[in-house]
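> Okay, structure incoming, though there's no sequence with it:
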């Protein structure tokens, strides 16, 4: 078997693929953050909590209402999106125009509240959620066994990412969105309801996080604290990509998944630190991230 | 300007106002000092010391955040670096007197602060916050990995030792007055820094950095210096804390700690001298009292609520709001 | 001050001893503190339900001991040794607390027991896993109940190696606890004629285990051992099921797995998993009877930690009654001299290092077909006798053991 740095090539292929799968998760999560920051200049520290809500929602919809995975895939993000709209309308709107830092602190507080309250109701051991029958099993790729579900994750996550990018960067709706958030007064003059646009944009960003949460439900342990760890990793991804760069968030997400995957192969203990290391290095070289516009 | 007023008169008025402010401040400080001196007879000394340590930590953080406008999301690294260094030295070098151990901890935090500053100082706003967060995560990673920190078990049984080799700090009162002395010294140091020409430049940077640059100030140097002082004081707080509690743990290095010091500063009133002290007292008390009472399962959501409420309604914090109120009602 | 206090209290104590007034309950109340993680990672292990278990013990005891009231105070340790140390200090120094129970995170337990030793009060540790608590961190002021890492890493590996699982691959949480487990497992596996073919140290916490599971799969080892805990363990087991590890013929050995974890995973994912436990609710009529009452009070089946909190509180109160004293050393001595025979343990005994040794059990998670209910999760496969389960005193580094 051919080896690279003492690692069999087959294993390496497997790790690369795993890296891309995790990267797809990162991409989805960081995309939501980038949309929210890029368009609204809100630093959403509640993003991890929204991811968690998406997963919790999926489990609870099934447990209490018998709603299956496929319906939850649409319903859970919509419900969490509504929560986002409420948060924007009642809280974030009140500090619009203030320093960005306040939005960070406010959403951090919201995340603490959501996590704490849910912990008291559902504990921390995790809620059980079965893999949908469609995805039982997997295929043998020769170099690794790929569960069908992971294949689904990679396809659907990247499709959603691409769709979002296309909508914001390439369609009329996207251009309204970008214009509306950049020059609210002008757009208001054109008869566009900017405050509504802002609420919906925040709701949409949050939906992306919740969507990632639904995807996570069958494969990760679903607990009220599942979002708190991933939050800062995803933030690191967004910063590396350049805050607010939509395409940057997607590409960097996948890239960081691969970097992390390779670290897990060559020096596993550092795999949680490597993204932060990359971030420090990237910012030293490019102050506004890989794809960020120069300030 | 709507009314033409004599320049000299304005100047005079400002001077008098300043004098009155100074008198008020002096009086407030005097009352506070008296309270602090008798406090250990009224309250639990170790708990008071905990408050003082966190108050110093928050004061240090505020020098950067409140007065210079730089939000560091990585100050836990300095607290922990100070604590672990001091703890390690005092545990493993029997002859070492406590103040040397504390100074060594402070020094390590200072150097770490310098490294952080040099890497992060050119980044603006949110990027600055994120770089400091990333660096602090790397430091956290180092502490988790290192044998000497005891990993998640923590470092325990740190001897309090003797101050100058003379005064036993095992006595809680001795320890308290030592911590109090250090705290007051640092508080006045920060007061001096803020009031000095150097502090004025920091404020100018906070208000309008490009203008400060155009006025010819080497902005980066000022920022680095502010960062290093802040890190040193945070490290000092951590060092003292490890001596007071006789332990150092990963909790101090976790990013939640960096979040907590932001909360303290914000609640107390950023950009005011006394704010972080009040904020630390408030947060430490709330957290502690709640964790003991019937609401003990609800500490996190309540702290989260305090965050939200402060940002929405009391952005100037407790001290800031009181100052506003006094200005409005008492002239 | 503490030194002075110690001298003073011991002076007073000896004066009283001479006077023959040793047996006394201070303040005419026995005050018990319950300190545990009520809101964080370890909440479901002990947490609010552990307090219920403690209160059940006190109620069953009759609410009074030798005419003295039994009072309980409780606090959330927030998994922070700072908070734990201030809380315990205030409890014992200002509020007359005689005994502190619960105690989960190792950093919290070590911090708390140091304070208890300084003030000569008693700690009954039920939640912690670290075996260092009765080894290098032992004190004459605490007892470690229920289980420890040493006991957990003996049972499962021994059984599996003997059943033919010779080659092992270990996934280790990269911190002190994981390292200790890895060392213990390695020793046990090799002593039984098995072989460690590889190991990976993964960061704590790790949300996604697929990469590590893939590497463990590629190693071709018979057994993949998980030297981690909590969400890391459940995530690793979920991922292993997803990647068809067991179907491909590899065995998963969980080293630190609690009932609450298996309950969260469900039998579909966790079936066949072998683990060591100190207690299981469905072992006999006695355990079932108690577990039914616990279920009624809390809505959940008890973990071994909950049962241990009940048992240790009961033993403590019995000792207070027998001696008529709430002095830590008197009570501890009495507890050491009395074998423990209750729904939690048979012939359990407390050694001089503070380790409560009792039989441990090797359990296997049932298949969905075998399981008759939400909490019907384990088959007890074999009993690991107390003498084999815990670290022998001859290997102890505890200062209380003469080696």
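Arrived safely, thanks for sending. Note that the structure is a prediction, hence the values are computed from the model and not measured.
> Show me which residues of the stretch 51-200 of chain A sit near chain B.
Counting by CB under 8 Å from any CB of the partner chain, the positions of the stretch 51-200 of chain A adjacent to chain B are A:91, A:94-95, A:98, A:100-102, A:104-106, A:108-117, A:119-120. Every C-beta, even on glycine, is put in place using the N, C-alpha and C of the backbone.
> what number of residues lie near residue B:294?
By other CB atoms under 10 Å in any protein chain shown, the residues close to residue B:294 number 8.
> Check residue C:139 too.
21.
> Spit out the contact partners of residue B:256.
Taking CB atoms under 8 Å, 6 or more residues apart in numbering or on different chains, we find residue B:256 in contact with residue B:76.
> Narrow the residues of the stretch 51-200 of chain A next to chain B to those in strands?
Assigned to strands by DSSP state E, none of those qualify.
> Show me how to select, in ChimeraX, the buried members of those residues.
One line in ChimeraX is enough to select the buried ones among those; burial here means 16 or more other CB atoms under 10 Å in any protein chain shown:
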select /A:91,95,100,101,102,104,105,106,108,109,110,111,112,113,114,115,116,117,119,120
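> out of the residues of the stretch 51-200 of chain A next to chain B, which are inside helices?
Secondary structure from DSSP state H places A:100-102, A:104-106, A:108-117, A:119-120 of these in helices.
> sorry, back to before: contacting chain C as well, which ones from the residues of the stretch 51-200 of chain A next to chain B?
Restricting those to those near chain C - CB under 8 Å from any CB - leaves A:116, A:119, A:120.
> Let's have those in a markdown table, adding pLDDT.
Converted to a markdown table, these look like this (pLDDT from 0 to 100):
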| residue | pLDDT |
| --- | --- |
| A:116 | 92 |
| A:119 | 91 |
| A:120 | 89 |
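> Show me which of the residues you listed is closest to residue C:208.
residue A:119 (21.9 Å; CB to CB).
> And the residue of the stretch 151-300 of chain B closest to chain C?
residue B:151 (3.3 Å; CB to the nearest CB).
> For that residue, give me its contacts.
Neighbour list for residue B:151: B:144, B:250, C:175, C:176, C:177, C:179 [criterion: CB under 8 Å, 6+ apart].
> Could you rerun that using 7 Å?
B:144, C:175, C:176 (CB atoms under 7 Å, 6 or more residues apart in numbering or on different chains).
> I'd like those residues laid out as JSON lines, including distance to residue B:315.
Formatted as JSON lines, the contacts of residue B:151 follow (distance: CB to CB, whole Å):
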{"residue": "B:144", "distance to residue B:315": "36"}
{"residue": "C:175", "distance to residue B:315": "39"}
{"residue": "C:176", "distance to residue B:315": "42"}
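> May I see those organised as a markdown table, with secondary structure and distance to residue B:129 added?
Supplementary listing: those in a markdown table, determined by DSSP: H, G, I helix; E, B strand; the rest coil; distance: CB to CB, whole Å:
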| residue | secondary structure | distance to residue B:129 |
| --- | --- | --- |
| B:144 | helix | 22 |
| C:175 | coil | 27 |
| C:176 | helix | 31 |
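> out of those residues, who's nearest residue C:35?
Distances from residue C:35 to those, taken by CB to CB, are shortest for residue C:176, at 21.3 Å.
> can you give me the strands in the stretch 151-300 of chain B?
For the stretch 151-300 of chain B, the strands defined by DSSP state E, counting those that start in this stretch cover B:155-156, B:162-163, B:167-168, B:247-248.
> Outside of the last one itself, list whatever touches it.
Okay, so that is strand B:247-248. B:83, B:84, B:87, B:154, B:155, B:156, B:158, B:242, C:81, C:85, C:111.
> And the furthest pair within those?
B:84 and C:85 (16.7 Å).
> of the two, who's got more company?
Each of residue B:84 and residue C:85 has its neighbours counted (other CB under 10 Å); residue B:84 has more, 30 against 25.
> now the strands: where do they sit in chain A?
Using DSSP E, strands in chain A cover A:3-4, A:7-8, A:138-140, A:145-147.
> Let me see the mean pLDDT of whichever helix or strand residue B:8 is part of.
Element membership of residue B:8 [criterion: DSSP states H and E] is helix B:7-42. For helix B:7-42, mean pLDDT rounds to 80.
> what's the distance between that helix and the middle of its chain?
21 Å (CA atoms, centre = their mean, to the nearest Å).
> Mind putting the contacts of residue B:151 into JSON lines with distance to residue A:245 and pLDDT?
Shown next, in JSON lines, are these (distance: CB to CB, whole Å; pLDDT from 0 to 100):
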{"residue": "B:144", "distance to residue A:245": "32", "pLDDT": "88"}
{"residue": "C:175", "distance to residue A:245": "36", "pLDDT": "81"}
{"residue": "C:176", "distance to residue A:245": "41", "pLDDT": "78"}
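> between the residues you listed, which is closest to chain A?
residue B:144 (9.0 Å).
> Can you report how many residues lie near the closest one?
By other CB under 10 Å, 21 other residues sit near residue B:144.
> ok, the residue nearest to it when sequence neighbours are not counted - contacts?
Nearest residue to residue B:144, sequence neighbours excluded (CB to CB, 6 or more residues apart in numbering or on different chains): residue C:175, at 5.8 Å. If you count contacts by CB under 7 Å, 6+ apart, residue C:175 has them with B:144, B:151, B:152, C:204.
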